[in-house]
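> Next come a sequence and a model predicted from it.
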Amino acid sequence: MMEEKLLFQEISKVYGDGNTQVTALDHVTFGVQAGEFVAVVGPSGSGKSTFLSIAGALLSPSSGSLFLNGQDLTGLSSKQMTQVRLNHIGFIFQTSNLVPYLTVWDQLMLIAKLAKVDKKQAGEKADQLLSRLGLEKRKHHYPEALSGGERQRVAIARAWMNDPEIILADEPTASLDSQRGRTVVEMLSEEVHARKKAAIMVTHDERMLDLCDRVVNIMDGRLIEKTATA
Amino acid sequence: MFLAVREMKHSKLRYLLIGFIMTLITCLVFIISGLASGLSSDNGSSIQNMNADYLVLESDVDTRLDRSVLSEEILDEIQDLNVDAVPLGQQMTSVTRDGMDQKMDVTFFATDADGFLVPSVVKGKGLDAGHPGHVLVDEKLKREEGLKIGDVLKDEISGEKLKVAGFTEGQTFSHTPVIYITNEKWEKIQQGFSKKGKAVVNAIAIQGGEDTVDKVESSLENVEVVSKEEALESIPSYQAEQTSLNMMIAFLFVIAAFVLAVFFYVITLQKTQQFGVLKALGAKTGYLAGNLIGQVILLSVISIGMGVGCTFGIQNLFPEGIPFTISNQMLVQYSLLLLAVAVLGSLLSLFRVVKVDAIEAIGRVE
């Protein structure tokens, strides 16, 4: 049996109460295995962001339980959730969201600093990540000097810095043209497979789905599995 | 501080501008307080430097030295209580140098020639009971009017003649230089005023602590014992000068707090999403707050330091006559106060940082 990196068990998320109650996620059960790259697609308002926020320990579910690498995350305090995010989850956001006043190198070292990782060890890791993602020459550049594709690659490198169990990507290709977007997703996919980690990518870019192992459709808060289209 | 320093390095102009404003405010705070304390000592340094602990005044005169009138019997009564006490007569007047018409405003302080009120002499000789006509003059008259030892002064009101025996320093009252005279001379000068022909004094200076004050106040009627500070504040014009300057200083502190508060608040608002991202990546609120406070402290310390330097630079440009004194104690005190005010002003931004939710990072395009 394969190892479940992330497991949603009957998770619901309800916003508001009474007449204005909105169910963003409705009894979702879902798992991602090690080495699996899953795409989550759906129209806007379908609950994609809520899904990703819960998976990323940014939001607590209203009911149900969430397991990350076998650890139950239900009922953790916000401080404990921050710690979980820092040590086990890697984020890639829509527009890379790099810190504008940090160089590529410092972007990665910040994560190491937050996690209190040994500087030398972190440095080696950052070097390795940057060369894998073809960013060695951009080490001392600020985000403003990078192209959109490079920024997303830095974001990927940043996401791997803490050696997470799972990578969560929120429309990583939204601000890129299709060729660059594809390169970025390819890189992400390669890393996931090589490291035997898991990744969830929320997207509405249909062209990237062939790079994913599995595609899950989300509609009105419910998940519908689809087989990957070639 | 990892983020704080890097951000300041990256957005140099922004932080330079705000630092410049802080520097100017600091500089202004120190210049005004320097002037305030300069004026204060120019006004009443004779009281500030007085070698006494308390002054006994007539009650019901608003602690004003010039209004208080005490008879010599009171001095005897106080001395009978085993208290170190000497009389102090005070009279504002104008004098002319013998043979010249130019009038100079001065204040006479009359006391025992060998009493503890006589200030230390910087040049020449002090008071001498044997030579009642000899006087000890504040060196302001030497500096500004070119007075010399041996010059003879004439009191315009009584017509009494005084011989300059020596100079002292730091002795002014209500912005006029003080001339110390002997009791004997004082009696003669007073005869011009007092119809009874009997000398009176304005105050009795005493040395001692709280218990002495209690002793004097409980055994004598119609007198009031005031500290030197109270007597200083009662000099005409002293309150008016100090109050307006101190109000300016207080406003500057408020302005400094608000300028920094607004600056950091706007910057923090701008960075709301960035804080969300950092929190999502696992940065604790405390870490982000620490960086914000770090920036405020770093910026303030540098600006205040530059402000202090700037103050000393400007001080050298002042013309000679401007009273300006600034003590190290005041520098440290006001610098710390400015720093505290700056940190206080950043609390508003801190509140924002605490409130930012990591979820801001998801599903937003900017």
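It's in.
> what's the longest helix in chain A?
helix A:178-195 (DSSP state H).
> So for the closest residue to chain A within the stretch 51-200 of chain B, what's the pLDDT?
Distance from chain A to each residue of the stretch 51-200 of chain B (Cβ to the nearest Cβ) is smallest for residue B:170, at 53.6 Å. Glycine gets a C-beta too; all of them are placed from N, C-alpha and C. pLDDT, residue B:170: 90.
> Which helix or which strand is home to it?
Here residue B:170 sits in a region with no helix or strand, counting by DSSP states H and E.
> Can you give me the neighbour number for it?
Counted with other Cβ atoms under 10 Å in any protein chain shown, the neighbours of residue B:170 add up to 16.
> Hmm, residue B:51 and it touching each other?
No - counting by Cβ atoms under 8 Å, residue B:170 sits too far from residue B:51 to count as a contact (11.6 Å).
> pLDDT value on residue B:264, please?
So, for residue B:264, pLDDT stands at 90.
> what about it, which SS state?
helix (DSSP: H, G, I helix; E, B strand; the rest coil).
> Counting neighbours, what do you get for the closest residue to residue A:119 other than its chain neighbours?
For residue A:119, ignoring the flanking residues on the chain, the nearest one in space by Cβ to Cβ, 6 or more residues apart in numbering or on different chains is residue A:112 at 7.1 Å. Using other Cβ under 10 Å, residue A:112 is surrounded by 18 other residues.
> just residue B:239 next, same as before
Residues near residue B:239, counting by other Cβ under 10 Å: 12.
> quick revisit: list the buried residues for the longest helix of chain A?
Neighbour-count burial for helix A:178-195 flags A:180, A:181, A:182, A:183, A:184, A:185, A:187, A:188, A:189, A:191, A:192 (criterion: 16 or more other Cβ atoms under 10 Å in any protein chain shown).
> confidence score at residue 21?
In the absence of a named chain, chain A is used. pLDDT at residue A:21 comes out at 84.
> not what I meant, chain B
93.
> show me the contacts for it.
By Cβ atoms under 8 Å, 6 or more residues apart in numbering or on different chains, the contact set of residue B:21 is residue B:259.
> Could you tell me how far the helix or strand hosting it lies from the centre of the chain?
Assigned by DSSP H and E, residue B:21 falls within helix B:12-48. Put simply, helix B:12-48 sits 13 Å off its chain's centre (Cα atoms, centre = their mean, to the nearest Å).
> Toward the C-terminus, what is the element adjacent to that helix?
Defined by DSSP H and E, the subsequent element after helix B:12-48 is strand B:54-58.
> Taking helix B:12-48 as reference, get the angle to that following strand.
60 degrees (axes from the mean of the first three to the mean of the last three Cα atoms, to 10 degrees).
> burial of residue B:260, as a residue count?
Neighbour tally, residue B:260, other Cβ under 10 Å: 27.
> can you give me phi and psi for it?
phi -70, psi -40 (degrees, to the nearest 10).
> How about the secondary structure of residue B:104?
Quick answer, by three-state DSSP: residue B:104 is strand.
> Over to residue A:100?
From three-state DSSP, the assignment for residue A:100 is coil.
> Does it touch residue A:145 like I think?
No - counting by Cβ under 8 Å, residue A:100 sits too far from residue A:145 to count as a contact (10.9 Å).
> For the residue of the stretch 51-200 of chain B closest to chain A, list the residues it contacts.
With Cβ under 8 Å, 6+ apart, residue B:170 has these contacts: B:41, B:45, B:46, B:48, B:49, B:119, B:138.
> Give the full set of residues in contact with the last one.
The one in question is residue B:138. Contacts of residue B:138 by Cβ under 8 Å, 6+ apart are B:46, B:167, B:168, B:169, B:170, B:171, B:172, B:177, B:178, B:179.
> about what we covered before: quick one: contacts of the longest helix of chain A?
A:35-37, A:92, A:132-133, A:147-149, A:152-153, A:156, A:160, A:167, A:169, A:172-173, A:176, A:197-199, A:201, A:205, A:207-208, A:211-212.
> Which of these fall within strands?
A:37, A:92, A:167, A:169, A:198, A:199, A:201 (DSSP state E).
> Kindly state the beta-bridge partners for the third one.
Beta bridges link residue A:167 to residue A:90, residue A:199 when assigned by DSSP bridges.
> pLDDT at it, what is it?
We have a pLDDT of 91 for residue A:167.
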